[in-house]
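# model this:
(chains A and B)
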Protein chains: 2
Amino acid sequence: MAKNNTITLYDLQLESGATISPFVWATKLAIGHKGFEMDIVPGGFTGIMDRTGGKTERLPAIVDDGEWVLDSWLIAEYLDAKYPDRPTLIGDPSIKPCAQFIESWLWATAVGPWMTCYVKSYRDRSLKVDHEYVTSSRANMLGAPLEEIIVGREDRLPQISANLELLRGTLRENRWFGGDEPNYVDHRLLACFLWLASVCDTPALASDDPLRDWLDRGFDLYGGLGRHPGLSDIFGLEQRPGDPDLFDRSPREFGLNKRNTGPASTAEETARITADTN
Amino acid sequence: MAKNNTITLYDLQLESGATISPFVWATKLAIGHKGFEMDIVPGGFTGIMDRTGGKTERLPAIVDDGEWVLDSWLIAEYLDAKYPDRPTLIGDPSIKPCAQFIESWLWATAVGPWMTCYVKSYRDRSLKVDHEYVTSSRANMLGAPLEEIIVGREDRLPQISANLELLRGTLRENRWFGGDEPNYVDHRLLACFLWLASVCDTPALASDDPLRDWLDRGFDLYGGLGRHPGLSDIFGLEQRPGDPDLFDRSPREFGLNKRNTGPASTAEETARITADTN
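Next up is the predicted model:
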């Protein structure tokens, strides 16, 4: 059992002390879900190998009673295996493939596109000692200087928000991806929005976005891990003339999510699809 | 316990006897997964209320020892609740939200677009008694006569195939969405491809599509439910000059799916992102 109910977490931080990495955010939520306190080892990208005694170039890493565990997925699996009597993170072998699919979708749909909007503040908010590394590594990853990458972001942000409708659809029908309680699927996805809040210097979502309920509940979890004072408000994006709707204000009830409980439940749809349109 | 290990399934069929509905396909796979035989009540869209004694306008419906259960999701939940000692379909409360997300993605990405390519053969292959209903209801749903809807499909099919890369990514890393064994997530998704095979009069995927391994294993499940002689070959789409690649032949190893097991596992990426590109 973790000594004093505490697990040591090697963090990856911004100047504000907030976490810059979605993977570390996911691990913070996972540790909170298992009911442990965190002993946080601070620091940024520079000197990870020194801080960890050569154990890893990447974070998160945890130390639990002297045992090192690397990698956000491996940490979650370790916590479930070591502490099966505490709340479960990954309750079925199907959850990892499903979470990988949904998280990959979120990265392709929003995290990657948001990085092209926020990479300059991502660098500006990083530890001073990290500025040079972040500037050159992210320019390498994205293929241009950071100041050029963000040009035109005001035209991209509305479409990124509009493209999140699949996520809104699932969360209209379900309180959490975990069902009645959050699980590691929620943590993986919430971690992307916590990363967003850590680095965004202008809002990404409308104030009345339907995702807000899930996000607010998610940011409040485990003593309010997502209420770190270094985080920015992700809400407040305004739709300008010519912008797409930031979210669908009248989503069609989707056939996949309707349940057939007998003729009364399908009569309206039947009338619509058999209407004489001549 | 189902008498003689058999559950009665009200099918929704094409003239070939193959199933036209992805929801009924999902139920067939679910019943097979639970190890039951099926007593199939044949028929198409016409006369469902008569065949079911007014119980439902939509299929699937099952009768198990005199108990009627409607709706593909509700049937799967019923089978798990009634027969907990048989292989599990939905092993965790997180699986339904995740499956709904992934299935909604597949409908938006492929099932809907494929319907615009195959709606004429969908009608032509339906029972003769259903032709008029299918013609008018699908024209209502899709907003044009079926012959007009499919125009230009040869230009759409390559892009639909290209858009399935997220699915390929998950299945490169995992044998099934269920993990080592299929579960109801696989059934929901496989059912869409069984629907495709039931109605496609020209191939939708390349012969060497990476999805083929999962699809072939999925079509073979439970005594080869997906090998009905009425099904068409979904493979054989050829890339024409100017078409997008039908799938990604050199997918980038994606950061989300890489595991950090120490510095040796990340050294190559580190070298790439810190390379001096001047």
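
# Assign the residue nearest the centre of chain A to helix, strand or coil.
The centroid of chain A falls nearest to residue A:192 when counting by CA atoms, centre = their mean (2.0 Å). Here residue A:192 is recorded as helix under DSSP: H, G, I helix; E, B strand; the rest coil.

# Residue A:107 is in contact with that one, correct?
Yes. The criterion here is CB atoms under 8 Å, and residue A:192 meets it with residue A:107 at 7.3 Å. Bear in mind the C-beta positions are built from the backbone N, C-alpha and C, glycine included.

# per-residue pLDDT, residue A:145?
pLDDT for residue A:145: 96.

# what sits against it?
Applying CB atoms under 8 Å, 6 or more residues apart in numbering or on different chains to residue A:145 gives the contacts residue A:139.

# Would you list the phi and psi of it?
The phi/psi pair for residue A:145 (degrees, to the nearest 10) reads phi -60, psi 150.

# all strands for chain A, in order.
A:6-10, A:37-41, A:61-64, A:67-70 (DSSP state E).

# Show me the shaky parts of chain A.
A:253-255, A:277-278 (pLDDT under 70).

# Tell me which of the strands of chain A is the most buried.
strand A:61-64 (a mean of 23; mean count of other CB atoms under 10 Å in any protein chain shown).

# Pairing partners for that strand, with directions?
As defined by DSSP bridges, the strand partners of strand A:61-64 come to strand A:6-10 (antiparallel), strand A:67-70 (antiparallel).

# Buried residues, stretch A:137-157. List them.
Using 16 or more other CB atoms under 10 Å in any protein chain shown as the test for burial, stretch A:137-157 gives A:137, A:138, A:139, A:146, A:149, A:150, A:153, A:157.

# Now distance to residue A:52 too, for those, in CSV please.
Shown next, in CSV, are those (distance: CB to CB, whole Å):
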residue, distance to residue A:52
A:137, 19
A:138, 22
A:139, 26
A:146, 28
A:149, 30
A:150, 32
A:153, 35
A:157, 36
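
# Near chain B, list only the ones from the residues you listed.
Counting by CB under 8 Å from any CB of the partner chain, A:137, A:139 from the buried residues of stretch A:137-157 sit close to chain B.

# what's the domain layout of chain A?
For chain A, automatic domain parsing gives the domain ranges A:3-82, A:95-252.

# Now distance to residue B:123 too, for those, in JSON lines please.
Formatted as JSON lines, the domains of chain A follow (distance: least, CB to CB, whole Å):
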{"stretch": "domain A:3-82", "distance to residue B:123": "46"}
{"stretch": "domain A:95-252", "distance to residue B:123": "23"}
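
# so how far is stretch A:10-17 from its chain's centroid?
Distance, stretch centre to chain centre, for stretch A:10-17: 17 Å (CA atoms, centre = their mean, to the nearest Å).

# Endpoint to endpoint, that stretch covers what distance?
Start-to-end span of stretch A:10-17 (CA to CA, to the nearest Å) is 13 Å.

# residues making contact with it?
Applying CB under 8 Å, 6+ apart, the contact partners of stretch A:10-17 are A:19-21, A:24, A:40-45, A:48, A:51-52, A:59-63, A:125-128, A:198-199, A:228-230.

# ok, 6 Å please
A:19-21, A:24, A:40-42, A:44, A:59, A:61, A:125-127, A:230 (CB atoms under 6 Å, 6 or more residues apart in numbering or on different chains).

# quick one on the thing from earlier: okay, the residue nearest to the centre of chain A and chain B: tell me how far apart.
10 Å (CB to the nearest CB, to the nearest Å).

# In contact with that residue, which residues are there?
A:22, A:106, A:111.

# Looking at the residues you listed, state which has the most neighbours.
Compared across the contacts of residue A:192, residue A:22 has the highest neighbour count, 25 neighbours, by other CB atoms under 10 Å in any protein chain shown.

# The residue nearest to it when sequence neighbours are not counted: neighbour count?
Using CB to CB, 6 or more residues apart in numbering or on different chains and skipping residues adjacent in sequence, the residue nearest residue A:22 is residue A:195, 4.0 Å away. Residue A:195 has 25 neighbours, counted by other CB under 10 Å.

# which bits of the stretch 101-250 of chain A sit near chain B?
Residues of the stretch 101-250 of chain A lying close to chain B by CB under 6 Å from any CB of the partner chain are A:101-105, A:137, A:140-141, A:166, A:169-170, A:174, A:177-179, A:183, A:185.

# try 7 Å
A:101-105, A:107, A:137, A:140-141, A:166, A:169-170, A:173-174, A:177-180, A:183, A:185 (CB under 7 Å from any CB of the partner chain).

# Now, of those, which are buried?
Neighbour counting by 16+ other CB under 10 Å classes A:101-105, A:107, A:137, A:166, A:169-170, A:174, A:177-179, A:183, A:185 among these as buried.
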